[in-house]
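> from the sequence below, what's the structure:
(chains A and B)
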Amino acid sequence: MQLDLVTSLYVFLLAAFIGFEVIRRVSPLLHTPLMSLTNALDAIAVVGAIILAGEGKGNLAKILGTIAIIAATSNIVGGFMITDRMLKMFKASGPRKP
Amino acid sequence: MFASENILEITYLIATALFVLSLKWLSSPVTARRGVWAGEIGMLLAIAGTLLHKGIVDYRWIAIGLVLGTIIGVPLGRVAMTAVPQRTALSHAFGALCVTLVGTAEFYIRAPHVPQFMMGVLSLEVILGALTFTGSLMAAGKLQEVLPQRPITYKGQNLVNLGLLAIAIGIGVALVLHPDKTFLFPFMVGIPLAFGVMMIIPIGGADMPTVISLLNSYAGLSAAAMGFVLGSKLLIVAGALDGASGFILSVNMSKAMNRSFTNVLFGAFGQEQVTAAGAKETRPVRSASPEEAAGILAAASKVVIVPGYGMAVAQAQHKVRELYDALTKRGVDVKFGIHPVAGRMPGHMNVLLAEADIPYDKLLEMDDINGDFPQTDVALIIGANDVTNPAAREDQSSPIYGMPILDVDKARTVMVIKRSMGAGFAGIENPLYYMDRTLMLFGDAKAFVGSIVRELSGGHG
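Numbers count the residues shown, from 1 in each chain, chains lettered A, B, ... in the order given. Take a look at the predicted model:
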């Protein structure tokens, strides 16, 4: 499926605005997990790589697509894992003994 | 057939919504883990939907890729918290690699009949992807200390770098006009690859927070460009979110280092600042032993600890936590003042201290803690230097003049744990060390904090 330029730009513009507004509210406390989480979400590029590797459009597409899947998948798996590990560590002082 | 295409689109739409929610929930530590789950579910939906895409005829390579990626990803998800900056840089490199490879394959599949608009975004995708790939690898290498950390500069460096970038963009334009000139394409990949390396060569450790943020933004933008090429709204949104996040962080970091954003954009990070270091201080400094330091801390009612990269290097965060516990038990109010660029990436100190089990509501940002220093009995600085340098506020000739700092010099007593009197990373003399109220605690951060804790718990009370 092909999008035209204008539709793509609309999507990009709106997403960028939402991104700015949402991410501005993320506390600096969590900026490291923010970076690893956005990095994991960014690895959604794997869908493009999957189609490339599976469409049967020649060897070049297959090889490059497979390497791309490896790179993106490692970001998805590693990115979500480490983000969750970091967030698990952030505890409020409530339950701690005084 | 048509129906399955619609189902796939709806799956992508749900994934898009989950991605936005994921970042929204990250705004507070209370809901943040829910954000990770939302992201994971969105990701699973999108991948599952794609695998059922009717255009896929061969699953073998996909399976191999997914399995190998998982095998590489799991250890990357389990690295020590101190290694998070280099892991992050490495993951930017992987993301950019994926984008660059897909862009390259798309070009050769379509060439020589590539529509102009598509060739334009494809060029953008490949140029950004390639320079982010090598740039991030270099950054990861420097952070892991397999590459020399000292910035390497030479005359005309910016000219060479900008020239390389200009040539790459020029080739991109040429390909837009003449997409049949496929021999140009390898150059459009190769030159940005070289540019990425050149861009990071002049970067030193203290500039890493800005650089990582910037590379994060580039990685996102290249993914968004890939979304344009593939006509995938989901990818455009994810790339735009990542790009926006990296951009916000870069602006934050450059503000916290008092650099203009254009300065950062053009990669003029590690300029030689050492020359302006001013007259050598000859005034004496006062130093103190762990016993004396423990005595002063125990008598205080309000203590602010300011950690820096030195704490991370010495792996002192767990000892700092023991100090926090020992002081809190005595009724001392202990807080942490975190400068935005402390450490090697945004939020680095918070993660290390959270790992050591220090409650996050004790970790205060610069603007929130600065008002507290005049009422603070002891400001204890562990492995931080330039972010506490009062010259940034007072001395117009100082190279860091104008940089926002933590006003530790306003505390009643200042203690600085430091290896020696050597100047900080930027090579700038810190007048803080020569104040009458300042006590220098010379030694390794971990060992010194450990001795203070022993004094506090072994002593009376």
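
> check contacts around the most centrally placed residue in chain A.
Central residue of chain A (Cα atoms, centre = their mean): residue A:41, 1.5 Å from the mean position. With contacts defined as Cβ atoms under 8 Å, 6 or more residues apart in numbering or on different chains, residue A:41 is in contact with A:79, B:19, B:22-23, B:39, B:42-43, B:238, B:241-242. C-beta: built from backbone N, CA, C; applies to glycine.

> could you measure from it over to residue A:76?
9 Å (Cβ to Cβ, to the nearest Å).

> model confidence at residue 66, what's the number?
You didn't pick a chain, so chain A it is. pLDDT recorded at residue A:66 is 96.

> that was the other one, I meant chain B.
Turning to residue B:66, the model gives it a pLDDT of 96.

> try residue B:418
Note on residue B:418: pLDDT of 88.

> that one: how many residues sit nearby?
25 (other Cβ atoms under 10 Å in any protein chain shown).

> hmm, it is touching residue B:439, no?
No: look at residue B:418 against residue B:439 with Cβ atoms under 8 Å: they stay out of range, at 10.9 Å.

> what touches both of residue A:41 and residue A:76?
Contacts common to residue A:41 and residue A:76, judged by Cβ under 8 Å, 6+ apart, are residue B:43.

> average pLDDT for the host helix or strand of residue A:13?
When elements are assigned from DSSP states H and E, residue A:13 belongs to helix A:5-24. For helix A:5-24, mean pLDDT is 93.

> okay, residue B:374 and residue B:209: tell me how far apart.
28 Å.

> more neighbours: which of those two?
More neighbours surround residue B:209 than the other of residue B:374 and residue B:209, with 28 against 10 (other Cβ under 10 Å).

> so which helix or strand takes in that one?
Using DSSP H and E, residue B:209 sits within helix B:208-230.

> is that helix in proximity to chain A?
Yes: judged by Cβ under 8 Å from any Cβ of the partner chain, helix B:208-230 and chain A are in contact via B:212-213, B:216, B:219-220, B:223-224, B:226-228, B:230.

> tell me what that helix is packed against?
If you count contacts as 3 or more Cβ pairs under 8 Å, 6 or more residues apart in numbering or on different chains; DSSP states H and E, helix B:208-230 packs onto helix A:5-24, helix A:31-42, helix A:46-54, helix B:84-110, helix B:116-143, helix B:233-256, helix B:261-265.

> take the ones you listed and lay them out in CSV including distance to residue B:298.
Below are the helices and strands packed on helix B:208-230 laid out as CSV (distance: least, Cβ to Cβ, whole Å):
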stretch, distance to residue B:298
helix A:5-24, 41
helix A:31-42, 33
helix A:46-54, 55
helix B:84-110, 34
helix B:116-143, 37
helix B:233-256, 33
helix B:261-265, 44
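
> which one of the ones you listed has the most crowded surroundings?
helix A:31-42 (a mean of 30; mean count of other Cβ atoms under 10 Å in any protein chain shown).

> between that one and helix B:233-256, how many degrees?
Angle, helix A:31-42 to helix B:233-256, by axes from the mean of the first three to the mean of the last three Cα atoms, to 10 degrees: 160 degrees.

> give me the buried positions along the helix or strand containing residue B:22.
Assigned by DSSP H and E, residue B:22 belongs to helix B:2-25. By neighbour count on 16 or more other Cβ atoms under 10 Å in any protein chain shown, the buried set for helix B:2-25 is B:8, B:11-12, B:14-16, B:18-25.

> any residue of the following helix or strand past that helix up close to chain A?
Note on helix B:2-25: by DSSP H and E, the next helix or strand toward the C-terminus is helix B:32-51. Yes: on the criterion Cβ under 8 Å from any Cβ, helix B:32-51 is in touch with chain A at B:32-33, B:35-36, B:39-40, B:42-43, B:46-47, B:50-51.

> which residues sit in contact with the residue lying closest to residue B:50 once chain neighbours are set aside?
With Cβ to Cβ, 6 or more residues apart in numbering or on different chains as the criterion, residue B:50 has its nearest non-adjacent residue at 4.4 Å, and that residue is residue A:47. By Cβ under 8 Å, 6+ apart, the contact list for residue A:47 reads B:46-47, B:50, B:232, B:234-235.

> what do you get if the cut-off is 7 Å, keeping everything else the same?
Applying Cβ atoms under 7 Å, 6 or more residues apart in numbering or on different chains to residue A:47 gives the contacts B:46-47, B:50, B:232, B:235.

> just residue B:317 next, same as before
For residue B:317, the contacting residues are B:311, B:352-353, B:355-356, by Cβ under 7 Å, 6+ apart.

> please redo it, this time with the cut-off set to 8 Å
Applying Cβ under 8 Å, 6+ apart to residue B:317 gives the contacts B:307, B:311, B:352-353, B:355-356.

> inside strands: which ones of these?
Mapping the contacts of residue B:317 onto strands (DSSP state E) picks out residue B:307.

> which ones, among the contacts of residue B:317, also lie beside chain A?
Restricting these to contacts with chain A (Cβ under 8 Å from any Cβ) yields residue B:355.

> now the contacts of residue B:317 in JSON lines, with neighbour count, pLDDT and distance to residue A:34?
Shown next, in JSON lines, are the contacts of residue B:317 (neighbours: other Cβ atoms under 10 Å in any protein chain shown; pLDDT from 0 to 100; distance: Cβ to Cβ, whole Å):
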{"residue": "B:307", "neighbour count": "29", "pLDDT": "95", "distance to residue A:34": "20"}
{"residue": "B:311", "neighbour count": "27", "pLDDT": "92", "distance to residue A:34": "22"}
{"residue": "B:352", "neighbour count": "25", "pLDDT": "94", "distance to residue A:34": "16"}
{"residue": "B:353", "neighbour count": "28", "pLDDT": "95", "distance to residue A:34": "17"}
{"residue": "B:355", "neighbour count": "20", "pLDDT": "92", "distance to residue A:34": "17"}
{"residue": "B:356", "neighbour count": "17", "pLDDT": "93", "distance to residue A:34": "20"}
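
> so which of the contacts of residue B:317 are in helices?
B:311, B:352-353, B:355 (DSSP state H).

> any idea which of those is closest to chain A?
Proximity of the ones in helices among the contacts of residue B:317 to chain A (Cβ to the nearest Cβ) peaks at residue B:355, which lies at 5.1 Å.

> how about low-confidence regions in the stretch 51-200 of chain B?
The model of the stretch 51-200 of chain B has pLDDT under 70 over residues B:54.

> repeat that for chain A.
Residue ranges of chain A with pLDDT under 70: A:1-3, A:94-98.

> select the longest helix from it.
Longest helix in chain A, counting residues (DSSP H): helix A:59-89.

> ok, residue 64 - contacts?
Since you didn't name a chain, this refers to chain A. Going by Cβ under 8 Å, 6+ apart, residue A:64 touches A:52, B:101-102, B:104-105.

> not what I meant, chain B
residue A:66.
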